[in-house]
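Participant: attaching a predicted model along with its sequence, questions to come.
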Amino acid sequence: MTKIPLQFRHNGRDVAIFVDGGTNLLVALRELIGDMTPKFGCGQGGCGTCSVLIDGELHLSCLTLAETVAGRSVETLDGMKQGPNLHPLQRAFADNFAAQCGYCTPGMLMAAKALLDRNPAPSRADVIEAISGNICRCTGYEPIINAILAAAGGRASA
């Protein structure tokens with residue numbers, strides 16, 4: 001099979017890789033770039049754990065063909081922090097005990113970031129809608145909702 005050259009921005013840096021036709025973005029990020037923060041969950045777009053931002057919009061990387069991000073910007077959880085400093089959403093998740101097993105956390109954080117980037121003062125209903133494509137089996141969602149609202153309010157705990 002012929003390899004396809006692919007260039008895009010990954011967490012603020014330009015990358016160039018070769019992908020097989022039909023390779024999804026999740027595989028390209030994890031196996032070819034080494035960014036393990038988007039997780040493989042269902043592989044069918046139903047759980048949200050593979051969520052990434054493409055040009056600031058939330059996408060499921062397991063359903064996105066890698067070649068469709070050519071020339072675009074892809075942001076993953078690894079790109080949220082600034083050096084050793086956590087992003088305010090990451091800090092709020094820690095302070096509000098919003099991660100238990102942690103498997104859904106990357107997707108939840110990316111969904112929350114997409115929400116706060118377009119709506120810095122969301123209502124509880126806005127938060128619930130924003131994370132509705134992400135499944136969490138541990139927290140019961142309340143700590144996650146509270147963490148997102150806390151981050152939006154500029155404080156570290158609810």
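Facilitator: Okay, I see it. Numbers count the residues shown, from 1 in each chain.
Participant: report the separation between the nearest residue to C136 once chain neighbours are set aside and M36.
Facilitator: Excluding its sequence neighbours, the residue lying closest to C136 (C-beta to C-beta, 6 or more residues apart in numbering) is C104, at 4.4 Å. Placement of C-beta: from N, CA and C, glycine included. C104 is 15 Å from M36, where distance means C-beta to C-beta, to the nearest Å.
Participant: if we can go back for a sec, how many other residues sit next to the residue nearest to C136?
Facilitator: 27 (other C-beta atoms under 10 Å).
Participant: kindly report the same for the one 4 residues further on.
Facilitator: Counted by other C-beta under 10 Å, the residues lying close to M108 total 29.
Participant: go on, P120?
Facilitator: P120: 11 neighbours (other C-beta under 10 Å).
Participant: before we move on, what about the one 5 residues further on?
Facilitator: Summarising burial for A125: neighbours were counted as other C-beta under 10 Å, giving 8.
Participant: so where does it fall, helix or strand?
Facilitator: helix 124-130 (DSSP states H and E).
Participant: for I131, which non-adjacent residue is closest in space?
Facilitator: A111 (5.0 Å).
Participant: so that neighbour: helix, strand or coil?
Facilitator: Of the three states, A111 takes helix according to DSSP: H, G, I helix; E, B strand; the rest coil.
Participant: now do P38
Facilitator: Quick answer, by three-state DSSP: P38 is coil.
Participant: what's the answer for A92, then?
Facilitator: helix.
Participant: pretty sure it is touching A98, no?
Facilitator: Yes. Using C-beta atoms under 8 Å, A92 is in contact with A98, at 7.3 Å.
Participant: hey, what's in contact with both of the two?
Facilitator: When contacts are counted by C-beta atoms under 8 Å, 6 or more residues apart in numbering, A92 and A98 have A147 as shared neighbours.
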